[in-house]
Each structure stands twice: as C-alpha cells, then as structure tokens.
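>>> Sharing a model prediction with you, sequence too.
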Amino acid sequence: MSPKVTKAIFPVAGLGTRFLPATKSIPKEIMTLVDRPLIQYAIDEARAAGIEEFIFVTSRGKGALEDYFDHAHELENTLRKAGKTDLLELLRQTNMESGAIAYVRQHKAMGLGHAVWCARRLIGDEPFAVVLTDDVIQGKPPCLQQMIEAHAETGGSMVATMEVPVEKTSAYGVLDVAEDMGAIVRAKGMVEKPKENPPSNLAVIGRYILAPTVLENLNKLKQGAGGEIQLTDAIADEIDQGRPVFGLRFRGQRYDCGSKAGFLQATVAFGLAREELRAEFAEFLHDMLAMQKAAE
C-alpha cells in the first residue's frame with residue numbers, strides 16, 4: 001500500500017491577466033464563485049481528502065490570499081455579540097490553524113513545473129498532491145479524495161483525466177495510454193499541448209498525486225512547451241525511468257474557472273446546486289433564455 005498523502009501544493013502565483021481589470025487589485029484565487037472564493041473550494045476538497053499540510057506557491061500582490069485564511073477576530077466578535085452563529089460557523093470554515101499553511105515565493109513566472117519545484121524543501125521524501133484552483137470540480141466524493149483512494153492501491157504517480165474532443169487536445173497535457181482498466185488507465189507517455197496527432201483524447205486536468213522522484217526530475221528539466229518548465233515533462237520522465245504513472249477518470253464535472261466562459265458556467269452550476277438559491281435562480285435563467293429566443 002502506498003504511503004498516505006498528507007501534503008498538497010497550491011500554485012497560486014499567477015497574475016490572472018484573463019480577468020483584468022478585476023485582478024488588478026485582488027488575487028484571481030479570491031474571485032468569488034457564488035459566495036466562496038475559488039481557493040476555498042480547493043482547500044475544502046483537499047481537507048475532505050485528508051490533506052493536513054497546505055503549501056501555497058505565491059508571488060507579489062497575494063497578501064489578500066494570506067489574510068483570507070487568518071482569523072478575523074474583530075468580525076468574529078461582532079457576529080458573536082449579535083448572536084449570528086450561522087455566520088460564525090461559515091467564518092470558522094475559512095480559518096486555518098497556525099502552521100497548517102506554508103507560503104513559498106515563486107520569483108519568476110516559469111511555469112507549473114517550476115512552481116511545484118519551488119516547494120520541494122517542504123515535501124521531503126513522500127508522495128504529495130498538487131491542486132490547481134482554476135479547475136473547480138463538482139464531484140461526490142470530491143475528486144482529490146477519489147484519487148487518494150485509488151492511489152492507495154496503485155502507488156506511483158496519478159493524474160486526474162477526462163475525455164475531451166480531439167480538436168481541443170492541444171490545450172492540455174494528453175496521456176498516451178498503455179493499458180485501459182476502466183476508471184484507471186496506465187500511461188506509457190504524456191505529451192504537453194500536442195499540436196497534431198495527440199496520442200489519445202484523455203486530457204490531464206488540475207489534480208495530481210506525485211511521487212517525490214518527480215521533484216528530482218524537475219531539478220534536471222530545461223524549458224519545454226511555451227518556454228516554461230512543464231510539470232507534464234517531469235511526470236513523463238517517471239515513465240521513462242520505469243516508474244508507474246496512472247490516470248483516473250474521476251466522477252464529477254470540471255469547470256475551467258481560468259476562463260471567463262468557464263467561470264460563468266461554474267457560477268450557474270454551483271448556483272443551481274444551492275437549495276436556497278435554486279428556485280429563484282432557475283426561474284431567472286428560464287426567463288432570460290425565453291427572452292433571448294423571442295429576440296432572435
């Protein structure tokens with residue numbers, strides 16, 4: 001059985017330029033999906049999967065992200081005096097205990113692989129998770145929990161994967177499949193953003209469980225696709241070195257909240273999933289669609 005996964009890296013150093021001007025003054029990870037910031041969804045998913053240590057790879061201008069997980073004593077006291085226990089409970093869910101979160105700076109934007117490498121001294125010699133906050137996933141159980149349960153049986157490294165249209169594979173890392181076992185596939189290679197002839201239509205999305213040897217591979221890597229240090233290349237090196245890499249077809253729906261369209265889609269999906277919002281929101285959407293069709 002593989003060692004327990006208790007550490008997760010959250011690469012949150014990006015500038016979020018696709019959401020300017022909103023991200024001029026706030027980190028993209030603080031942008032709100034319904035009533036919770038993107039980072040809260042990622043943290044909640046990691047907690048549900050048994051993660052105990054949270055490593056944020058940050059950059060300049062991310063102070064609001066650090067403050068979000070701190071205790072807001074004045075606000076808590078005000079709510080307590082007002083007897084608003086339900087809101088106090090919501091705040092409690094955002095608090096992290098002292099020492100649970102570590103922050104590491106990525107001084108140059110050199111890609112996802114480089115961001116993960118920046119956290120190498122905090123990982124040590126044990127498997128670890130990587131969670132990309134842009135990918136918000138609705139799933140029961142949560143995606144990372146599905147992966148950790150599967151990884152306990154397979155060992156090695158594991159990526160979350162989903163089928164995408166072949167014409168869209170150029171936007172993803174893509175698995176070259178050696179063996180398809182249904183929910184789990186064993187990879188014989190990985191290609192980052194193939195321009196033509198993708199090895200499959202199984203795309204890698206923002207959840208990883210990685211062997212510590214991936215960090216050793218990142219030590220040796222040079223710039224890859226897009227002039228960046230690619231995490232995909234370091235995972236592919238695992239296969240070349242004879243260590244197993246698996247893909248998990250997770251159960252759930254992924255939303256790309258790194259794009260405006262994906263963020264809007266997630267807002268609709270998560271809004272409709274909330275019992276207290278569903279009826280009013282669904283009626284509004286129905287009326288909007290009816291008005292749009294009438295105008296055509």
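That came through, no problem. Numbers count the residues shown, from 1 in each chain.

>>> Describe which strands the helix or strand containing residue 207 pairs with in its sheet and in which direction.
Here residue 207 sits within strand 202-210, counting by DSSP states H and E. When sheet partners are counted by DSSP bridges, strand 202-210 sits next to strand 128-131 (antiparallel), strand 157-163 (antiparallel), strand 173-180 (antiparallel).

>>> how about the second one: buried residues?
When burial is assessed from 16 or more other C-beta atoms under 10 Å, strand 157-163 yields the following buried residues: 157-162. C-beta here means a position set from N, CA and C on the backbone, and glycine is covered the same way.

>>> Okay, strands next: where are they in the stretch 51-200 of the chain?
53-58, 101-105, 128-131, 135-138, 157-163, 173-180, 184-192 (DSSP state E, counting those that start in this stretch).

>>> Quick check: which of those is buried the most?
Of all those, strand 128-131 carries the top mean neighbour count, a mean of 25, counting by mean count of other C-beta atoms under 10 Å.

>>> Mind listing residues that contact the host helix or strand of residue 261?
Per DSSP H and E: residue 261 is located in helix 260-273. Residues outside helix 260-273 that contact it (C-beta atoms under 8 Å, 6 or more residues apart in numbering) are 18-19, 31, 33-34, 136, 138, 253, 255-257, 277-278, 281-282, 285.

>>> could you point out which element follows that helix?
Heading C-terminal from helix 260-273 (DSSP H and E), you reach helix 275-295.

>>> Report the inter-axis angle for that next one versus helix 260-273.
If you take axes from the mean of the first three to the mean of the last three C-alpha atoms, to 10 degrees, helix 275-295 sits at 130 degrees to helix 260-273.

>>> tell me what helix 275-295 is packed against?
helix 260-273 (3 or more C-beta pairs under 8 Å, 6 or more residues apart in numbering; DSSP states H and E).

>>> What are the buried residues along the helix it packs on?
Those would be 262-263, 265-267, 270-271, for helix 260-273 by 16+ other C-beta under 10 Å.

>>> Reformat the residues you listed as TSV; add distance to residue 233 and pLDDT.
Putting the buried residues of helix 260-273 into TSV (distance: C-beta to C-beta, whole Å; pLDDT from 0 to 100) gives the following:
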residue	distance to residue 233	pLDDT
262	25	94
263	28	94
265	30	95
266	29	95
267	34	95
270	33	94
271	38	94
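
>>> Surely residue 71 and residue 95 touch.
Yes - checked against C-beta atoms under 8 Å, the pair residue 71 and residue 95 is within contact range at 5.5 Å.

>>> picking that back up, any chance of a markdown table for the strands paired with strand 202-210, columns distance to residue 296 and mean pLDDT?
What follows is the strands paired with strand 202-210, written out as a markdown table (distance: least, C-beta to C-beta, whole Å; pLDDT from 0 to 100):
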| stretch | distance to residue 296 | mean pLDDT |
| --- | --- | --- |
| strand 128-131 | 41 | 96 |
| strand 157-163 | 32 | 94 |
| strand 173-180 | 37 | 89 |
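
>>> Serialize those strands to TSV and add fields for distance to residue 108.
TSV is the format used below for the strands paired with strand 202-210 (distance: least, C-beta to C-beta, whole Å):
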stretch	distance to residue 108
strand 128-131	19
strand 157-163	25
strand 173-180	22
